[in-house]
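In: Take a look and give me a structure for this.
(one chain, ligands or ions: 2)
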Amino acid sequence: MADLSREVPIRSGLYDFHKGLGVFVIGLLLWRILVLLRVWWKKYSRRTPRFSTAWWRKVTLHSLLYLFMLAVPLSGLFFSNSFKSSNVFFLGMTVPDLFSENEARVDLGRSLHFWLSYLFLTVVVLHVFQQRKVVRAIWRRWTEFLTHIRA
Ligand code: HEM
Ligand code: HEM
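Out: Ligands and ions are numbered 1, 2, ... in the order given. So this is what the prediction gives:
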């Protein structure tokens, strides 16, 4: 999308789709965080966790994933709003501006969105690598299921 020239007719549609999907992701994420806070409250108001190294490591890693999940679409909004106000749409509605239009911040917004996105991708790849046993188990279950329905 970002590499397409302005003459390509679907370019603008792809941008709108990308931005709308990002807004949808923010919505899902806020919902997820709310659910998670309720789960935490239920669990930790009964007993405090054992603050072991393993616990801290897990909380830090998971928080990092959540931080990126929020920072990436937010930086996209910052970039898009700085470029032009009322420039983001979701289900035919204009999403209210979170940041003001400001030409001087466009390049910063573009760089932030770019680097945060690819840094996030790296963290996700590391996370999936760390969970490779789970990936293998899911893969095994799928192949077994497919051979079962073919037989
Ligand atoms: C093949 C892909 C993936 C697999 C197999 C996988 C597997 C897992 C597993 C097994 C856990 C639980 C870990 C634990 O309790 O120690 C977990 C937690 C988590 N994963 Fe993934 N993951 C995948 C992709 C992703 C992606 C793409 C993201 C982010 C966009 C992500 C974000 C998280 C977060 C935030 C947690 C923390 C727990 C939670 O909030 O429920 N994961 N993942
Ligand atoms: C989970 C959410 C999002 C992810 C993972 C994501 C990821 C990306 C990636 C990987 C690029 C390509 C960067 C490049 O290679 O040049 C990009 C470009 C872009 N994103 Fe996002 N994005 C998200 C949400 C958003 C949101 C919410 C907006 C705005 C409302 C947005 C606006 C843009 C724009 C305008 C570009 C084009 C950059 C350019 O033309 O240089 N993104 N995004």
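In: in the chain, which residue is closest to the centre?
Out: By C-alpha atoms, centre = their mean, the chain has its centre lying nearest to M69, at 3.3 Å.
In: In contact with it: list those residues for me.
Out: For M69, the contacting residues are 25, 29, 120, by C-beta atoms under 8 Å, 6 or more residues apart in numbering. Using the backbone N, CA and C atoms, a C-beta is placed for each residue, glycine as well.
In: Just list what the top helix by length along the chain packs against, helices and strands only.
Out: Assignment by DSSP state H gives helix 11-44 as the longest helix of the chain. Here helix 11-44 touches helix 53-83, strand 89-90, going by 3 or more C-beta pairs under 8 Å, 6 or more residues apart in numbering; DSSP states H and E.
In: Mean pLDDT and distance to Y15 for the ones you listed - can I get that in CSV?
Out: Shown next, in CSV, are the helices and strands packed on helix 11-44 (pLDDT from 0 to 100; distance: least, C-beta to C-beta, whole Å):
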stretch, mean pLDDT, distance to Y15
helix 53-83, 94, 9
strand 89-90, 94, 10
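In: now for those, which one comes closest to V135?
Out: For those, the distance to V135 is smallest for helix 53-83, at 16.1 Å, taking C-beta to C-beta.
In: That closest one: how far from the chain's middle?
Out: Chain-centre distance of helix 53-83: 8 Å, with C-alpha atoms, centre = their mean, to the nearest Å.
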